[in-house]
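[1] everything below, folded, please.
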Amino acid sequence: MAIALIPGSFDPVTCGHVDIIERTAVHFDEVLVAVIRNPQKAQALFTLEEREEMLAEVTAHLSNVRIDFFKGLLVEFAEAHGVSAIVKGLRAVSDFDYELQMAQMNFKLAGIDTLFMPTSPQHSFLSSSLVREVARFGGDVSSMVPEPVARRLKEKFAR
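    Alright, predicted model coming up:
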């Protein structure tokens, strides 16, 4: 069974994330979406559990997708779950520079390949940090995130 792993912080999940998950699900028997807390990013807006819930809700239509979260090395998590390949979405050349180094390190550590999938053009400008910033100041992000995520963002910033 071919299992793909899509890791990310998903804080919050965007339409770009869902696009990559849906397209990956067509090519693999199973897709494991792994929610991480990225120590290189600022304080998370949503807890790991909230992000896991949102991802489960927006991917419920995909029978071969499951959501989990982890701490530690990605390759150790991948090995423990029998992952065939790591899939990373790329928005721009700048993403590739960083992701290539990560892919090479992951291959060196565990022999796991990383496959790069270009983001669909309509989502190429999206990032979770930009969505958070727009939502924080009351901007309309309804076209950038799935409806359940837009609702949670509204609730989060209404406080």
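[2] can you give me the buried ones in stretch 30-48?
    Applying a neighbour-count criterion of 16 or more other C-beta atoms under 10 Å, the buried positions in stretch 30-48 are E30, V31, L32, V33, A34, V35, I36, A44, L45, F46, L48. For the C-beta atoms, the positions are set from N, CA and C on the backbone; glycine is no exception.
[3] extract the residue ranges of the protein that are flagged as low pLDDT.
    Counting by pLDDT under 70, the chain shows low-confidence ranges at 38-42, 159.
[4] where along it do the helices fall?
    In the chain, the segments counted as helices under DSSP state H are 15-27, 48-58, 74-80, 93-110, 128-136, 147-158.
[5] what residues does the last one touch?
    It refers to helix 147-158. For helix 147-158, contacts defined as C-beta atoms under 8 Å, 6 or more residues apart in numbering pick out 12-14, 45-46, 50, 54, 57-58, 131-132, 135-136, 138, 141-142, 145.
[6] okay, the angle between that helix and helix 15-27?
    150 degrees (axes from the mean of the first three to the mean of the last three C-alpha atoms, to 10 degrees).
[7] just want the angle from helix 147-158 to helix 128-136.
    Using the same axes, to 10 degrees: helix 147-158 against helix 128-136 is 60 degrees.
[8] repeat for the fourth one
    For helix 93-110 and helix 128-136, the angle between their directions (the same axes, to 10 degrees) works out to 130 degrees.
[9] CSV for the helices of the chain, including distance to A2?
    Formatted as CSV, the helices of the chain follow (distance: least, C-beta to C-beta, whole Å):
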stretch, distance to A2
helix 15-27, 8
helix 48-58, 21
helix 74-80, 13
helix 93-110, 16
helix 128-136, 27
helix 147-158, 28
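[10] got a PyMOL select line for the buried ones in the contacts of helix 147-158?
    The PyMOL selection below is limited to those of the contacts of helix 147-158 classed as buried (16+ other C-beta under 10 Å):
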select buried, resi 12+13+14+45+46+50+54+58+131+132+135+141+145
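[11] N64 is nearest to which of the helices of the chain?
    Between N64 and those, the tightest spacing by C-beta to C-beta is seen for helix 15-27, at 5.5 Å.
[12] gap between that closest one and the chain center?
    Helix 15-27 has its C-alpha centroid displaced from the chain centroid by 10 Å (C-alpha atoms, centre = their mean, to the nearest Å).
[13] now do stretch 86-97
    12 Å.
[14] quick one: end-to-end length of that stretch, please.
    Across its full length, stretch 86-97 reaches 16 Å between end residues, using C-alpha to C-alpha, to the nearest Å.
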